[in-house]
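*Asks:* coordinates only, sequence not included:
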């Protein structure tokens, strides 16, 4: 068997990893699912896509073997049953892949830890003398965890990466992981502060204090309105609306508040 990735590419459309290869994000997501979450996701796609067969067809032709990368043209032919795809046809595949990847939000919402088992998979590859497989799986898992804002999984994967670099005495390579971990921990602290603020001051079964001032709470929530983390943006915006409702502010019944609540609902969906 040839050892160079380009040689393997010439031989067949399925490539055994010898270095990180470009894959569609939906390919990576499928490879990172265990059997349970894959079946849950497949059932969801099947029930949702009754008008269009293609999202289900795409995930069914994607290899779930993390060590195998598939050529995009081959995926197109197997998904659409057409040969010799041109640029326009490939664009159609990429649009389908983007749409199907977005459907994985169902897992992110209902099974937020669905990537966690990959931490053990990466460790197993390292511990059994398969560093290339470990590195490729680690790279895929980091990308998808970051994409879906699974910060808990990303933290564990970053720690593995950092430890690997330290053991190899590559301090320069370890530094970005240290910096990212610090950023992730800061975001987790921000999220905890938001939730704690809501629980401390806006008990759903309680009543506001007589002298409770609305503006300090709005100022607190507003610092996260434009945050790069989706959860922080949404919770802070909801918190501001709920604070208006809780203290029975007349501003809660304004058109602007209704529009904001509708926008929050759209983004959550």
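*Replies:* Okay, I see it. Since we're looking at a predicted model, the values are computed, not measured.
*Asks:* so how far is residue 269 from residue 77?
*Replies:* 34 Å (C-beta to C-beta, to the nearest Å). Where you see a C-beta, it was placed from the backbone N, CA and C, and this is true even at glycine.
*Asks:* what's the weakest-modelled helix or strand in this structure?
*Replies:* Ranked by mean pLDDT, DSSP states H and E, the weakest helix or strand in the chain is helix 5-11, scoring a mean of 29.
*Asks:* The longest helix belonging to the chain: which residues count as buried?
*Replies:* Ordering each helix of the chain by length in residues (DSSP state H) puts helix 171-201 first. For helix 171-201, the neighbour count (16 or more other C-beta atoms under 10 Å) marks 174, 177, 180, 181, 184, 187, 190, 191, 194, 197, 198, 201 as buried.
*Asks:* Looking at the residues you listed, which is nearest residue 241?
*Replies:* Proximity of the buried residues of helix 171-201 to residue 241 (C-beta to C-beta) peaks at residue 198, which lies at 11.6 Å.
*Asks:* The closest one contacts residue 240, doesn't it?
*Replies:* No. In this structure, residue 198 is not within contact of residue 240 by C-beta atoms under 8 Å, at 10.7 Å.
*Asks:* which SS state does residue 40 fall under?
*Replies:* Following DSSP: H, G, I helix; E, B strand; the rest coil, we place residue 40 in the helix state.
*Asks:* Just give me how far stretch 124-143 sits from the chain centre.
*Replies:* Between the centre of stretch 124-143 and the centre of its chain there are 19 Å (C-alpha atoms, centre = their mean, to the nearest Å).
*Asks:* Contacts only, for residue 181.
*Replies:* 155, 158, 159, 162 (C-beta atoms under 8 Å, 6 or more residues apart in numbering).
*Asks:* ok, 7 Å please
*Replies:* Residues in contact with residue 181 (C-beta atoms under 7 Å, 6 or more residues apart in numbering) are 155, 158, 159.
*Asks:* The second one touches residue 177, doesn't it?
*Replies:* Yes. Between residue 158 and residue 177 there is a contact at 4.8 Å, judged by C-beta atoms under 7 Å.
*Asks:* The stretch 101-250 of the chain: helices as residue ranges?
*Replies:* With DSSP state H, counting those that start in this stretch as the criterion, the stretch 101-250 of the chain has helices at 105-110, 117-127, 131-147, 151-167, 171-201, 214-222, 230-246.
*Asks:* gap between the residue sitting nearest the centre point of the chain and residue 219?
*Replies:* The residue lying closest to the centre of the chain (C-alpha atoms, centre = their mean) is residue 148, at 1.5 Å. Between residue 148 and residue 219 the computed distance is 30 Å (C-beta to C-beta).
*Asks:* Ok, residue 264 next?
*Replies:* 19 Å.
*Asks:* where are the low-confidence patches of the stretch 101-250 of the chain?
*Replies:* For the stretch 101-250 of the chain, the stretches with pLDDT under 70 are 165-171, 206.
*Asks:* Name the nearest of the buried residues of helix 171-201 relative to residue 46.
*Replies:* Nearest to residue 46 among those: residue 191, at 33.6 Å, using C-beta to C-beta.
*Asks:* ok so, going back, farthest-apart pair in the buried residues of helix 171-201, please.
*Replies:* It's 174 and 201 that sit farthest apart of those, by C-beta to C-beta, at 40.8 Å.
*Asks:* Excluding residues flanking it in the chain, which one is nearest the residue nearest to the centre of the chain?
*Replies:* Nearest non-adjacent residue to residue 148, counting by C-beta to C-beta, 6 or more residues apart in numbering: residue 108, 4.7 Å away.
*Asks:* re earlier: using a markdown table, lay out the buried residues of helix 171-201 together with distance to residue 244.
*Replies:* A markdown table is the format used below for these (distance: C-beta to C-beta, whole Å):
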| residue | distance to residue 244 |
| --- | --- |
| 174 | 46 |
| 177 | 41 |
| 180 | 36 |
| 181 | 36 |
| 184 | 31 |
| 187 | 26 |
| 190 | 22 |
| 191 | 22 |
| 194 | 16 |
| 197 | 15 |
| 198 | 13 |
| 201 | 13 |
